Every structure is written in C-alpha cells, then in structure tokens.
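Student: Quick one, what's the 3D model for this:
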Amino acid sequence: MFPRKSFLLLFLLQLLCGQSINNAIGLGAPRDLTSASAFGVGSSGLIPSFSEGIALENPVTWSNGKFALLSSGFRAERINQENTGIVNGISDLNRVQLILPIKNIYALGISVVPLTNSNYWLKNESTSFPLEDDTLSILQEIKGSGGINALRVAFGFPLTDHEKNAFTLQILFGSSRHNSILDIDGTKYIYNRHDNYSGVFLKYYIYTNRFNISNLPISLYGSIGLTLQSLALKSNQYHLFEDLNNNGNYDYLFDYPYMTDTETKTEKLYSHIQKPFSVELGYDMELKSQFHILGEISGQTFNNELHYHLSPLAGSAYNSIIHFNLGAIKFARTIPRVWYQNFHYRMGFYFDSKDLQLYQDNLIETGLSLGIGFKFGVTNNQIDLAYSYAKRQGPLTTSNEIIERFKIQMTLGDIWFVKRRTR
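Tutor: Residues are numbered from 1 along each chain as shown. This is a model prediction of the structure:
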C-alpha cells in the first residue's frame, strides 16, 4: 500500500482551509513586539508613549528616565472570520525587559522578545481522488508550533546637546516544529521537521529636538535596521512514515518503513534564509502641556532566500511590511496633585500592508487602538492596558478577519547607579 500511494504526496502541497493561515506563511507571521503603552497608540515603539520622552522599545529615549525599569507584558488575541464563524485565539507573555539609565546621559538595556509566530493547525475538507479502478478518500492536515525569538542588548549615548543615538544588537534564537499528515483511506502518512534558528541583526536609532513648528516643540526620531549575520536555519528532517498503529508517532517496531531500513533523520543547514532591512521615521509634537500628537511610518523588507519546501504553505513568505500610524496621548502630570492626574490616556489609528510572495494582492490590516496607564509609587511604577479592534483582508482568506487584541504590562522602577552616602 505504501509504495503505490506515496507518490501522491508530490501533488498535494497546497492546502484549502477555513481558518486564518497567516502563521503558516514562510517562517511564521511577524509578531507585534510593542509594549502595551506603545500599542495604545498603534505605534511600532519608535515614539515615546510610556511617559513623556520615554519609549520602552527605543533606547535613544531611555536616558530621559530617572529610574531603572523592569517591565513585562501579557497579550491576548482573538480572530473572528466574518463569513465562516470560525474563531481562533492565543495568549502569551509579550516581552521581558530591563532598562538602566545612567546619570541622564547614557542608557543600557536588555530584553527578550518574540519575533515570529509559527503556531498553526490547518486541515482541508476530505476529497476524492480516482486512481485506476479505485477511488481514494484524501484528507490533509498540517500543524506547527514555535517561532523565532531575539535577545536584545542596547546602548544609548548623546551626540550633541540636541541629538542622541543608540545601537541595539539582536541575537536570534528559537525553534519550530512542523508536522504534515496525509490521510488516504484511513491510513496516515506523516512527515516531521524540527528547525533551529540563528542570526545577528543591528539597529541604529537617532533623535533630535532641534526644531519647532509655530513655537511648538517637535522631536524627530529615526532608525535603520541591518543584518550582520543572515538568518540561518538548521533543519532536522525526519523520514516519511506510514502510521500503521495510528498513534501519530513513529514506532520503529510497528510503523513502516522500519528504522533499520532507512536513516532516522537528515540534517541540513541553510545559511542565508533572510537578510532583513528596515527604516523607521516618526515625530512627537507637544501641542500643550502633557498633550502630544505623534506619527510614524516604517518599512521592512526581508530579502528572502527561503527554500520552497521549508514554508508550510509551499513557496509562500513575507516579502515586506509597511506600517503607518497616527496617535494622541495625554500624559500624567510629573508631580500630580490629585490621584487622577497619575493617568496616561492614549488613542491611535494604524495601517499595515504586507506583501506576500506568490500573491499579487497584499495582506491589509487597519485598526483603532485605545490605552490607559497608571503610575504609582515614588519610583514611578506603572501599569498599562491597551485594546485594539482591527479588520484584516488578503489573498489567503475567503472572508474578512476581525481581530481584537488586548495587552497588559507591569513596569517596576528602582534607583540604580546612585552614589550612596557613607554612614
């Protein structure tokens, strides 16, 4: 049975399904890396949103802080397909970060953030395939989990009285598991793959407050992201097997082929999977005391050299992403007189366009976001909440997707690098 039908795997590489499949494109869907404070204005994190002059994602702003900050966040996402009624959801930790301002001149920071999401489980409807005098019932299923993460180390320092800059080194790591199942007349053929990732990226930030418009102060921000070491992938590709005992795992005593008849796995190294390049520009204008308007535009290209068979949806990948947002923030007072002056209020609009390999139409997402933050304690501890409502449409879905996201973030402050008095 196995030899006669195994050739069908060569022709069944595309998948029809009823749920969102963006996580199965290329190396996974790019993750939203922003903190809850930035998310409240739809920002990518370039512009200050945590407090006046400080963005948790932008190291060029960290020296404006008085306290060391330890921050961690949680996110939840719900995706509803309008026409099908299918609902998917995910929740996880969003980031962990430590920021150390030094004498309001320099800044150090370290963080761990997820870059991609490869969690998916897709299945097509059963189809019939005529073969000689027989009719085969065929069902295909693919599953995946994991993604790419980054360890970020950043350092910021001044250039002049009006300009600052910073560097962030990103060391990539992570792994993903992929499982393909072909069910032919009740007999399952399974192929497993385990991928490990590595790479090194560099991002340069710059800031100036040299300008004003109609006597209103305006701060300008920019960044450029480069590749120092291309994203590499080490793939452990396990042999295809017929799951004779129907338990979903390979058992060398029961499944075919026997372990003695073939190699257990094949290791392959792909040294140049991606070479990302990114540019970000943004502004922050203070219209009146504690009230700011801000905007960003950014573009990222991935320069893919992804091999055809490494994408769960064969040949698909993210080519580039364009992001745009506008927002407004009413920051809390530096020295509040009453308790409600400790609140930050945020709102914003954002637009994302993702260009996909093999598809003419882009994946478009537009959304509105709201956020609130509350600072407390002498070291300006802070809790931030954010919510967004977005609509996504593109070539891989038969209906619009309604996406609701929620983030919560806790940030604790402390005093570091302060000379203590001797007693």
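Student: in its sheet, what does the host helix or strand of Asp355 sit against?
Tutor: Element membership for Asp355 (DSSP states H and E) is strand 343-356. Paired neighbours of strand 343-356 in the sheet (DSSP bridges): strand 318-330 (antiparallel), strand 363-376 (antiparallel).
Student: would you put the C-alpha positions of that strand in CSV?
Tutor: Provided in CSV are the C-alpha atoms of strand 343-356 (Å, rounded to 0.1, in the frame of the first residue of the first chain):
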residue,chain,number,x,y,z
PHE,A,343,-3.2,58.5,34.5
HIS,A,344,-2.0,58.4,30.9
TYR,A,345,-4.6,58.4,28.1
ARG,A,346,-3.8,57.0,24.7
MET,A,347,-5.6,56.5,21.3
GLY,A,348,-4.4,55.9,17.8
PHE,A,349,-5.0,54.6,14.3
TYR,A,350,-2.7,52.2,12.3
PHE,A,351,-2.4,50.7,8.9
ASP,A,352,-0.3,47.7,7.9
SER,A,353,0.3,46.3,4.4
LYS,A,354,2.2,43.0,4.0
ASP,A,355,3.5,41.9,0.6
LEU,A,356,3.4,38.2,0.2
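Student: May I see the buried residues of stretch 268-276?
Tutor: 270, 272-276 (16 or more other C-beta atoms under 10 Å). (Each C-beta comes from the backbone N, C-alpha and C, glycine too.)
Student: mind checking pLDDT for Asp133?
Tutor: If you check Asp133, the pLDDT there is 72.
Student: And Ala68, by the same measure?
Tutor: For Ala68, the pLDDT comes out at 94.
Student: Secondary structure class of the closest residue to it other than its chain neighbours, three-state.
Tutor: Closest residue to Ala68 apart from its sequence neighbours, by C-beta to C-beta, 6 or more residues apart in numbering: Trp416 at 4.2 Å. Put simply, Trp416 is coil when judged by DSSP: H, G, I helix; E, B strand; the rest coil.
Student: give me the number of residues near Trp416?
Tutor: Trp416 has 14 neighbouring residues, counting by other C-beta atoms under 10 Å.
Student: and it, what does it touch?
Tutor: Residues in contact with Trp416 (C-beta atoms under 8 Å, 6 or more residues apart in numbering) are 67-68, 100.
Student: Neighbour-wise, which one of those residues leads?
Tutor: Within the contacts of Trp416, most neighbours by other C-beta under 10 Å means Ala68, with 22 neighbours.
Student: wait, that one sits on Gln97?
Tutor: No: counting by C-beta atoms under 8 Å, Ala68 sits too far from Gln97 to count as a contact (11.1 Å).
Student: Among the buried residues of stretch 268-276, which pair sits farthest apart?
Tutor: Farthest apart among these by C-beta to C-beta are Tyr270 and Pro276. That separation is 15.7 Å.
Student: got any ranges where this protein has weak pLDDT?
Tutor: Applying pLDDT under 70 to the chain picks out residues 1-20, 126, 129, 131, 247-248, 250-264, 306-309, 314-315, 398, 417-423.
Student: Quick one: the helices in it, in order.
Tutor: Applying DSSP state H to the chain gives helices spanning 2-5, 36-39.
Student: Quick one: the strands in the stretch 51-200 of the chain, in order.
Tutor: With DSSP state E, counting those that start in this stretch, the ranges of strands along the stretch 51-200 of the chain come out as 68-81, 87-102, 106-114, 116-117, 120-123, 127-131, 134-158, 163-184, 187-213.
Student: okay, the ones you listed in TSV with distance to Ala55 next?
Tutor: Shown next, in TSV, are the strands of the stretch 51-200 of the chain (distance: least, C-beta to C-beta, whole Å):
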stretch	distance to Ala55
strand 68-81	12
strand 87-102	10
strand 106-114	11
strand 116-117	22
strand 120-123	31
strand 127-131	51
strand 134-158	11
strand 163-184	11
strand 187-213	10
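Student: Determine which stretch of those is the most buried.
Tutor: The highest average neighbour count among these, using mean count of other C-beta atoms under 10 Å, belongs to strand 116-117 at a mean of 23.
Student: Can you give the strand pairings for that one, parallel or anti for each?
Tutor: Strand pairing for strand 116-117, using DSSP bridges, gives strand 29-30 (antiparallel).
Student: Excluding its own residues, what touches the strand it pairs with? List them.
Tutor: Residues from elsewhere that reach strand 29-30 (C-beta under 8 Å, 6+ apart): 22-23, 115-118, 318, 321, 354.
Student: circling back: any idea how far the residue nearest to Ala68 is from Leu98?
Tutor: Here Trp416 is placed at a distance of 10 Å from Leu98 (C-beta to C-beta, to the nearest Å).
Student: tell me, what's touching those two both at once?
Tutor: Shared contacts of Trp416 and Leu98, counting by C-beta under 8 Å, 6+ apart, come down to Ala68.
Student: any idea how far Ile372 is from Trp62?
Tutor: In this view, Ile372 and Trp62 are 23 Å apart by C-beta to C-beta.
Student: what about those two, which has more around it?
Tutor: Neighbours per residue, other C-beta under 10 Å: of Ile372 and Trp62, the larger number sits with Trp62, 26 against 17.
Student: hang on, isn't that one packed against Phe157?
Tutor: No: taking C-beta under 8 Å as the definition, Trp62 is not a contact partner of Phe157, at 10.6 Å.
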